[in-house]
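Visitor: any chance you could fold what I've pasted below:
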Amino acid sequence: MSNNYLDLYNNFIRLTTNKTLYTGLKRQDTFSDRLIFFLIHFAFFLKAYKSPENTKILQKIYDFIFRQLELSIREIGYGDQSINKKMKDYINLFHSIISEIHFWDNLDRRLKIEKISIFLNNFDEIEYLVDYFEDFRQNLLKKTFNSYLKSVSKR
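Guide: Numbering: from 1, shown residues only. The predicted model follows:
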């Protein structure tokens with residue numbers, strides 16, 4: 001099953017590297033920008049599939065995803081002490097994202113723009129990003145958890 005997790009991780013990476021996401025960025029994109037997009041995608045994924053029957057597998061996916069992020073940071077060249085601090089920062093950022101999108105379904109467009117702007121404040125086209133993440137969320141909801149995992153699998 002961990003191969004499915006790797007496929008899932010790679011799918012989030014692929015979504016994160018979608019060039020249209022960066023069209024409204026006021027500067028050259030950075031690792032941090034891409035990581036924020038990655039974490040927002042992952043947060044919507046967890047929100048869409050959170051249920052008592054999925055708890056254990058979602059925890060395994062969460063652990064796997066953050067382990068992969070740690071490995072990516074190591075590849076960039078950060079030292080052990082820096083990695084621990086960075087990972088703590090990224091996990092805190094992720095939990096902030098989760099907190100801000102928790103009631104996404106009940107928010108009006110203006111509030112959705114405010115929530116996304118918290119994390120993507122260097123973007124001019126926040127409305128586009130709100131639409132993008134709403135479409136992403138809707139696409140997640142159209143699939144069952146197992147079918148989503150299988151659809152990102154390379155089998």
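Visitor: so for Lys154, what pLDDT did the model give?
Guide: At Lys154, the predicted lDDT confidence score is 51.
Visitor: residues touching stretch 133-149, excluding its own?
Guide: The contact list for stretch 133-149, computed with Cβ atoms under 8 Å, 6 or more residues apart in numbering, reads 4, 8, 15, 40-41, 44-45, 47-49, 51, 54, 57, 104, 112, 116, 151. Glycine gets a C-beta too; all of them are placed from N, C-alpha and C.
Visitor: can you get me the start-to-end distance on that stretch?
Guide: Terminal residues of stretch 133-149 lie 19 Å apart, using Cα to Cα, to the nearest Å.
Visitor: could you list the buried residues of that stretch?
Guide: For stretch 133-149, the neighbour count (16 or more other Cβ atoms under 10 Å) marks Phe133, Glu134, Phe136, Arg137, Leu140, Phe145, Tyr148, Leu149 as buried.
Visitor: closest to Asn121 out of those residues?
Guide: Phe133 (15.5 Å; Cβ to Cβ).
Visitor: which element is the closest one on?
Guide: Applying DSSP states H and E as the criterion places Phe133 in helix 126-142.
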